[in-house]
Structure formats: structure tokens, C-alpha cells
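1. A structural model of the following input is requested.
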Amino acid sequence: MTLAERYNAEAQRLIPHYAESLAVDPSIDSAGHIDEIVFRRSEYLGGMAIAILALIEQQD
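-> Have a look, this model is predicted:
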């Protein structure tokens, strides 16, 4: 499972009403790339993305 697949699943679980806005291409396997994509959409969403990625990192 790629990082983006895990990220998209966590976004859906934690913040379902923003999951579509936070979603990225499931083939991505780089936290920096995910952050860059979402941050370009909005700083607010970028902050959420960083928090989701941090939660995933803690799970590992």
C-alpha cells in the first residue's frame, strides 16, 4: 500500500467532509509530494495534510 493510499484512507476516516479536497493520486509514495500537492490547493488543506501524514508516521 502506498503512502497516498494510506493518506487518502485516513483523510476519509478522520475528516470525511474534506476527504475529496484532500485526496491525492494513490500512486504517490512521498510525504513531501503529497504535502506540495495539497498545499497548492489551499494553506488550510495543507495544514490538514501535514497532520494526517504525522498521524500515519506515528502508526508506523
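
2. how about the helices in the protein?
-> Shown for the chain, the helices assigned by DSSP state H span residues 3-14, 19-22, 31-41, 43-59.

3. need these in JSON lines with mean pLDDT, can you?
-> Compiled in JSON lines, the helices of the chain are given as follows (pLDDT from 0 to 100):
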{"stretch": "helix 3-14", "mean pLDDT": "98"}
{"stretch": "helix 19-22", "mean pLDDT": "97"}
{"stretch": "helix 31-41", "mean pLDDT": "97"}
{"stretch": "helix 43-59", "mean pLDDT": "97"}
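
4. could you export the ones you listed as JSON lines, including mean neighbour count?
-> Every C-beta, even on glycine, is put in place using the N, C-alpha and C of the backbone. What follows is the helices of the chain, written out as JSON lines (neighbours: other C-beta atoms under 10 Å):
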{"stretch": "helix 3-14", "mean neighbour count": "17"}
{"stretch": "helix 19-22", "mean neighbour count": "16"}
{"stretch": "helix 31-41", "mean neighbour count": "16"}
{"stretch": "helix 43-59", "mean neighbour count": "15"}
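
5. need the pLDDT of the spatially most distant residue from the centre of the chain.
-> For the chain, the largest distance from the centre (C-alpha atoms, centre = their mean) belongs to D60, which lies 15.5 Å off. Each residue has a pLDDT score; the one for D60 is 79.

6. quick one: it from F39, how far?
-> 22 Å (C-beta to C-beta, to the nearest Å).

7. repeat for A4
-> A4 is 15 Å from F39, by C-beta to C-beta.

8. what does V24 give?
-> 11 Å.

9. repeat for E20
-> 17 Å.

10. check P26 too.
-> 19 Å.

11. try E10
-> E10 is 17 Å from F39, by C-beta to C-beta.

12. E57 too?
-> 17 Å.

13. excluding chain neighbours, what is closest to L53?
-> In space, and not counting its chain neighbours, L53 is closest to A31: 5.0 Å by C-beta to C-beta, 6 or more residues apart in numbering.

14. ok, now which ones touch the one you found?
-> If you count contacts by C-beta atoms under 8 Å, 6 or more residues apart in numbering, A31 has them with 3, 53, 57.
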